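Asker: Fold the following and give me the result.
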Amino acid sequence: MDELKLALHTRFMKNIVTKVLAKLIFKKTGYDVSVQVNELEVETYDGKINMHMDINAELNSDDLSKILKSADMI
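Answerer: Residues are numbered from 1 along each chain as shown. Now for the predicted structure:
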């Protein structure tokens with residue numbers, strides 16, 4: 001029974017994760033998305049991972065339209 005719990009509560013750690021996420025999104029998609037991580041909790045128990053994320057993202061409406069069209073959602 002392995003168990004691991006991780007919760008980001010400090011502003012410093014949330015800012016680091018925010019910057020990493022924004023860079024990864026830009027690198028993978030080419031869209032400039034402003035990301036703000038409000039809460040991040042990760043638990044692993046017996047090989048299963050449970051993740052809770054509270055994230056705000058801001059992007060251009062044209063970019064959102066392109067993303068939705070590429071995913072065949074509109």
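Asker: Which residue ranges of the protein form helices?
Answerer: Assignment of helices within the chain using DSSP state H yields the ranges 11-29, 61-70.
Asker: pull the helix or strand with minimum mean pLDDT from the chain.
Answerer: Lowest on mean pLDDT, DSSP states H and E among the helices and strands of the chain sits strand 3-8, with a mean of 78.
Asker: List the buried residues for that strand?
Answerer: Counting neighbours by 16 or more other CB atoms under 10 Å, one finds that the buried residues in strand 3-8 are L8. Bear in mind the C-beta positions are built from the backbone N, C-alpha and C, glycine included.
Asker: what comes into contact with that strand?
Answerer: Contacts of strand 3-8 with the rest of the structure, by CB atoms under 8 Å, 6 or more residues apart in numbering, involve K14, V17, V37, E39, L40, E41, V42, E43, T44, Y45.
Asker: That strand versus helix 11-29: what angle between them?
Answerer: An angle of 90 degrees separates the directions of strand 3-8 and helix 11-29 when computed by axes from the mean of the first three to the mean of the last three CA atoms, to 10 degrees.
Asker: What strands line up against strand 3-8, and which way round?
Answerer: Under the criterion DSSP bridges, strand 3-8 sits next to strand 34-45 (antiparallel) in its sheet.
Asker: Flag every buried residue along the strand it pairs with.
Answerer: V35, V37, L40.
Asker: roughly how far apart are M13 and D32?
Answerer: Counting by CB to CB, to the nearest Å, the gap between M13 and D32 amounts to 23 Å.
Asker: Which residue lies nearest the spatial centre of this structure?
Answerer: The structure's the chain has its C-alpha centroid closest to L21; by CA atoms, centre = their mean the separation is 5.7 Å.
Asker: Skip the chain neighbours and tell me the closest residue to it.
Answerer: With CB to CB, 6 or more residues apart in numbering as the measure, V35 is the residue that lies nearest to L21, at 4.8 Å, once sequence neighbours are left out.
Asker: so what's that neighbour bridging to?
Answerer: With DSSP bridges as the criterion, the beta-bridge partners of V35 are A57.
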